[in-house]
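Chemist: Next come a sequence and a model predicted from it.
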Amino acid sequence: MRNNQRVVLSFVAVLLLLLFAGNAVADLYIESEQISRGMPGQPDGAAVLKQYFAAETVMLDLGNRLTIMNFKEEIYYELNKVAKTYTLGRLDNMGLDSLGIETQGIEHNPLLNTVMTAVAQSAAVTPTQEIRSIAGYSCRKFWVRLLMTESVYWTSKDIPGWEELRALGQRSDRAFRNNPLLRQMNILGLVRDLDGYPVQTITYIPGGGSITTTLEKAELKKLDPDLFKVPAEYKLVRKY
């Protein structure tokens, strides 16, 4: 159960990042607070979620773990900051390998492709007319169903960099062209339907837990390109 919860946490966080990665004109830094409550087998807690967006690369910082995506090379890295190790994979495998699915030759596995596509197509976005001020932004409420989770998304187009973020489109779409999971959930449909950046999300996990992520800071600023590189002292431990 705990491993499944870790996968859901990771996948939700990465999906949030992917939703708004892409052809950003300016570099952008976004910082949010993530609070987990009632997760079976885990204590309640809070963490800082940091997201970095550049023209070709994005990074998600979850404290002890980093995810770096390079859309030009169509690869991603998962870094363990404590162990100083990392894994390397193709973006079209992302999400599948973390679920424990053998992705070599997945394009030649019709049954698995059909199952994963059906799961992906189950994603649904339902808009509401409810408006609320969160973190100083006027936000609209959406219900989102994704995999086995239900979420509330409060989105706004007023945050700095929204025009850059909405330019997303084709880079991530190309990167996930062979990924039956992320190709369907990605992205353009959800972004279009959400019509704004998630200022706050509340994700309800099977078993009674929840994860609440609230935007605290959004800044357009020049980012150091070294942020998106694996440090030389890190050791490669697995390649997908």
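Modeler: Good, I have the coordinates.
Chemist: so where's the chain uncertain?
Modeler: By pLDDT under 70, the weakly predicted segments of the chain are 1-25, 95-122, 147, 164, 166-192.
Chemist: got the residue ranges for the helices in it?
Modeler: Per DSSP state H, the chain carries helices over the ranges 2-19, 110-121, 162-165, 170-175, 182-185, 188-194.
Chemist: how many other residues sit next to the residue nearest to Lys81 when sequence neighbours are not counted?
Modeler: In space, and not counting its chain neighbours, Lys81 is closest to Asn64: 5.1 Å by CB to CB, 6 or more residues apart in numbering. Bear in mind the C-beta positions are built from the backbone N, C-alpha and C, glycine included. A count of neighbours around Asn64, defined by other CB atoms under 10 Å, yields 11.
Chemist: Please apply the same query to the one 10 residues further on.
Modeler: Residues within reach of Glu74, counting by other CB under 10 Å, total 18.
Chemist: just Asn70 next, same as before
Modeler: 18.
Chemist: Now for the nearest residue to it once chain neighbours are set aside: which residues touch it?
Modeler: Among residues not flanking Asn70 along the chain, Thr57 sits closest, at 5.1 Å (CB to CB, 6+ apart). Contact partners of Thr57, counting by CB atoms under 8 Å, 6 or more residues apart in numbering, are 68-72, 228.
Chemist: what's the farthest-apart pair in the residues you listed?
Modeler: Greatest spatial distance among the contacts of Thr57 (CB to CB): Ile68 and Lys72, at 12.3 Å.
Chemist: Any idea what the nearest residue to Ile131 once chain neighbours are set aside is bridged to?
Modeler: Counting by CB to CB, 6+ apart, Ile131 lies nearest to Arg140, which is 5.8 Å off, once chain neighbours are set aside. Legend: beta-bridge partners of Arg140 under DSSP bridges are Ile131, Thr155.
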